[in-house]
Structures are given as structure tokens and as C-alpha cells.
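Visitor: I'll drop the sequence and a predicted model, then ask my questions.
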Number of protein chains: 2
Amino acid sequence: MFSQAMQDYLKAIYKLQEQGGVVSTSALAEAMGVAAASATGMVKKFASLRLVRHHPYQGVVLSKAGEKMALEVIRHHRLLELYLAEALGYTWDKVHEEAERLEHVISEEFEEKIFEALGRPTRDPHGDPIPAKDGTLVVAEHDRLSDLEPGAMAVIRQVSDSDAEMLRYLGTRGLVPDAAVEVLDKAPFNGPLTVKTGETAHVLGREVASHIRVEARAADEA
Amino acid sequence: MFSQAMQDYLKAIYKLQEQGGVVSTSALAEAMGVAAASATGMVKKFASLRLVRHHPYQGVVLSKAGEKMALEVIRHHRLLELYLAEALGYTWDKVHEEAERLEHVISEEFEEKIFEALGRPTRDPHGDPIPAKDGTLVVAEHDRLSDLEPGAMAVIRQVSDSDAEMLRYLGTRGLVPDAAVEVLDKAPFNGPLTVKTGETAHVLGREVASHIRVEARAADEA
DNA sequence: AGATTTGTTTAGGTTGACCTAAAATATCCG
DNA sequence: CGGATATTTTAGGTCAACCTAAACAAATCT
């Protein structure tokens, strides 16, 4: 019985850890949209619950238990996104927000039901891996756009009839187009992504039907 | 932006009003499982928001606005129950609990999607009417078991392969079998319900496939 | 190394929803 | 009618999650 707030904090720590490596209290506060003091308080609580290890000024690290809890929430989130899109015909730009609220209240049974209904998927619509029930998560090489080589091509599965909608959605995921620049600045190359329609292709190790393509280019080409 | 607690209070007031007529603060507290003082506080808040009219010692009455909000939550609840059962294969005994949590977080869009997916239903699996989006609710004659004439017959739609499960579920809804006695004590007749299997029939104004039947009998017959 | 900048924590306060105990106010009944 | 009983409200407190402002500690720059 962990509060919604706690679940959100765990998820945020996990995501920051995944991207940045070191997670400072202030980065956490920033990500959560709360004051630094609030993050400190929550970190102390987590530390006392052994969900994180905390070395002041050096960041927090999720313990095995903490990571597992974070992954449970993320599993819920990704399964929900997929379910909303596939089963209820949500457009991708709406899926995230709805899943954000539902992820905290669905039962294990609900999770199980949609998991089965979707045919036991292992990746969500954007190619992000869905953690297993046991807290296992396999992150493949080149899973993230920011890991792509210059000139590599990433194809994102079709979302809806409206490309604009999908792009807006990807924007909220920090990928395209504004946020992409930000993400890519930390990547091995620098430069804008160009976005245009394409056709079916293999993407991130998996064949998908698609008509939208995200091309990564080196900065000088732009 | 009304809190989950407030939504639950509104729903509780609505239900009490529907059954009992007069809703005292203590009855509300009882229904909500909180101390009387807590109910008083919430009632005062509602009164200041013009969601209820409150005449101390004479009970609270939902205003038009309050009733509309209550019905929105109930609509969510009933649509969810139906969806969980029909689309995800939930057994009836699990449906209520899950809907109870989901009802507070789904968006209007989610509501709309499942409403359409279900073919714009007007009644939930137990025959309870589903309020319309605009807060309209038609309560047909004899909609409730407790309104039935002695000897009348109510058929409840099939739930799962396990009759026991369904009966347990109905129990939580205050209908069968323990709770039924309580409800029926306030009804025009007195006595136990006998519950046994039957076959397809018209029920509460609507034809349903069923193999479970709830028979209401007058006390002297029992 | 010392001072400034940056990041972190502490101290103290607010809010919403709850609680218990005590006080106030109706209702009921002889 | 007046007191016993029941209901309702007030008063004061707790807890979780947030806040601001101030104190403190580390890192960084010259």
C-alpha cells in the first residue's frame, strides 16, 4: 500500500537513473515538479524503507526492492498505453496521460487481463520494453533514439491517421521534435532530427508496420 | 477537480437518498465508514459549494449540481463494471471492487470509448440503469428488488460459471442473500428470497440470457 | 586557500481528510 | 412539560505531502 505520490517518485528516480546515471535530490525535485525540500523528505522516507540508498551530494540509488516497485508501475503504465491504443482506439497523444492516472489504481488482476488480451507483449507502442511481472527488464542495445549512430534510422510504428498528433505525442515523451534536440545533445552526435513519412521497416530490432519515419542526422548535414 | 473522497461522499449521499429518502449525517458517516464528525465536515463543505442543501437534524439533500456529479461517478462505475465483465472477462465478484477504484480516475474520453465499445448500453449487468452523460437517469418501475410485489420474480443475468461467486457478489450489492432480508424488510413485503437456477427470461423490463433466478416470496410462504 | 556558487537539509507552516472527546441541540416519551 | 436519549456539531489533534525561508555543506574558481 504505497501512496500514489510514492509510486511517482520511484518511477521518477528510475527514469532519471536510466538516463542520467546519478540522481540528485534536486534533479528529482525538478522531475517531480516539487520543491527540493519535498524531495529530500521523500528520499529520507525511502531510505528508511530501504527502497533507496542515499549518499548526500552523491545521489540516490534504487535498491533491488525499490527498483522492483518502480518497474511494477512502469509495467502498468506501458501495458495500459498499449491497451488503450490497441483495444480502445486511443490516439497516441492521449494514451500517456490516461495511463499516468490509471497505473496507480489497477489491480494485479487487471494487469494480467490486459496482458493476456494483448498477447503477452514485451514492448510498448514506442518500442520501449515492458518489464515482466517479476521485475525483469531487458534493455536491448540501441533501444533509445539517443543511442543511435549518426545517420541511423529509427522507424516509429504508426499511431493514428494524424501524423501531427503522433509527433505531438512523441514530443511529450522527450523524443521529437523540440525535445529531441535536448536529448540528442547528450548523445554521441549533435543535431536535429528530421521527421517525415516513410514506409514499413525493421525498427529497433523488431518489424513493424509503419508510415512514419524518424531520421537521425549528424549536425553538419542539417 | 474534486477529490476522490468528495466523489465517494456524493455517491454515498445519492445512494442513501435513493433508498432511504432522508440522509442524516450519521447515516452518511456510517455508509462511508468514518466518524460522524468527519461527515459533518464534509457536509458543511458541500453546503458551501452548493452541492447539497443542509437542514440540521433533517438531513442533506443533493442539489441539482450535486446530483449531477454523483451521477457522473455512478455512470463511470456502471460502465466500468460492464466493461470489465464483457471486455475483459471479469467474474462479477471482482468487478465492483475494481470499478470502485477506476471510477475516480478515468477521463471523459475513456468513458466515451468504453460506452461505444459496449454499444451504448443503458443498464449495467445487474439491471441497474446507467445514467446518461447529461446526468439523466431513468428509473423504471420495479427496478429494484425491494419494489417487487410479493411473488414477483426477478431474474438476474448470468455472471460466471460459479453461482456461488455471483451470489457473493450480489451480497456485496446489498441484494442477496443475507443483505436481501435487510433490504426487503423495508419493502412492501417481508421475507427471505429463495435463490435457485432458472432459465432465460424477461427481467426488470429487459430480456436477458440467464440461468440464475431470484424469487421473491411473501413471508408466510417462506 | 578562501570566497562564491550550488546543492542539500532543517525548521516551521499549510491543507485536506481523518480522529476522539466534549458540548450543544433536537426529538421522544412518560 | 421536562428530562432521558439520540444526534449533531465544535474543539483540538494527527498524518502525509506539500510549501518557503534560512542554515548548512560541498564543489568550484581564482
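Guide: Yes, it's here.
Visitor: just the strands in chain A please.
Guide: Applying DSSP state E to chain A gives strands spanning A:52-55, A:59-62, A:153-156, A:193-197, A:201-203, A:206-208, A:212-216.
Visitor: residue A:92 reaches residue A:82, doesn't it?
Guide: No - applying Cβ atoms under 8 Å as the test, residue A:92 and residue A:82 come out as separate, 10.7 Å apart. No exception for glycine: its C-beta is placed from N, CA and C like everyone else's.
Visitor: quick check: angle from the longest helix along chain A to helix B:64-88?
Guide: Taking DSSP state H as the criterion, chain A has its longest helix at helix A:64-88. When axes from the mean of the first three to the mean of the last three Cα atoms, to 10 degrees is applied, the directions of helix A:64-88 and helix B:64-88 differ by 90 degrees.
Visitor: tell me if helix A:64-88 is near chain B.
Guide: Yes - Helix A:64-88 reaches chain B (Cβ under 8 Å from any Cβ of the partner chain) through A:84, A:87, A:88.
Visitor: what's opposite the residue lying closest to residue A:47 once chain neighbours are set aside in the beta bridge?
Guide: Once flanking residues are discounted, residue A:47 sits nearest to residue A:54: 4.6 Å by Cβ to Cβ, 6 or more residues apart in numbering or on different chains. Residue A:54 has these beta-bridge partners by DSSP bridges: residue A:60.
Visitor: pLDDT at residue A:54, what is it?
Guide: You'll see residue A:54 listed with a pLDDT of 91.
Visitor: so it touches residue A:42, yeah?
Guide: No - with contact defined as Cβ under 8 Å, residue A:54 and residue A:42 do not form a contacting pair (10.8 Å).
Visitor: tell me which of these two has more neighbours.
Guide: Shown here are residue A:54 and residue A:42; by other Cβ atoms under 10 Å in any protein chain shown, residue A:42 has more neighbours (23 against 16).
Visitor: got the domain boundaries for chain A?
Guide: For chain A, automatic domain parsing gives the domain ranges A:4-62, A:143-221.
Visitor: isn't residue A:13 up against residue A:70?
Guide: Yes - contact between residue A:13 and residue A:70 holds when scored by Cβ under 8 Å: they sit 6.8 Å apart.
Visitor: what touches both of the two?
Guide: Counting by Cβ atoms under 8 Å, 6 or more residues apart in numbering or on different chains, the contacts common to residue A:13 and residue A:70 are residue A:62.
Visitor: neighbour count for these two, which is higher?
Guide: residue A:13 (28 against 25).
Visitor: from residue A:19, how far out is the more buried one?
Guide: Relative to residue A:19, residue A:13 is positioned 11 Å away (Cβ to Cβ, to the nearest Å).
Visitor: now swap in residue A:71 and tell me
Guide: As for residue A:71, its distance to residue A:19 is 16 Å (criterion: Cβ to Cβ).
Visitor: can you tell me the closest non-neighbouring residue to residue A:118?
Guide: Excluding the flanking residues, the one nearest residue A:118 by Cβ to Cβ, 6+ apart is residue A:82, at 5.7 Å.
Visitor: next, count neighbours for that neighbour.
Guide: A count of nearby residues for residue A:82, using other Cβ under 10 Å, gives 24.
Visitor: those residues of chain A touching chain B, which are they?
Guide: So far as Cβ under 8 Å from any Cβ goes, chain A lies against chain B at A:84, A:87-90, A:94, A:97-98, A:101-102, A:104-107, A:109-110, A:113-114, A:117.
Visitor: lowest-confidence helix or strand of chain A?
Guide: Least confident helix or strand, chain A: helix A:178-185 with a mean of 25, by mean pLDDT, DSSP states H and E.
Visitor: give the contact list for the residue nearest to residue A:118.
Guide: Counting by Cβ under 8 Å, 6+ apart, residue A:82 touches A:114, A:118, A:121, A:124, A:125, A:130.
Visitor: farthest-separated two in those residues?
Guide: The largest separation in the contacts of residue A:82, counting by Cβ to Cβ, is between A:114 and A:125 at 13.7 Å.
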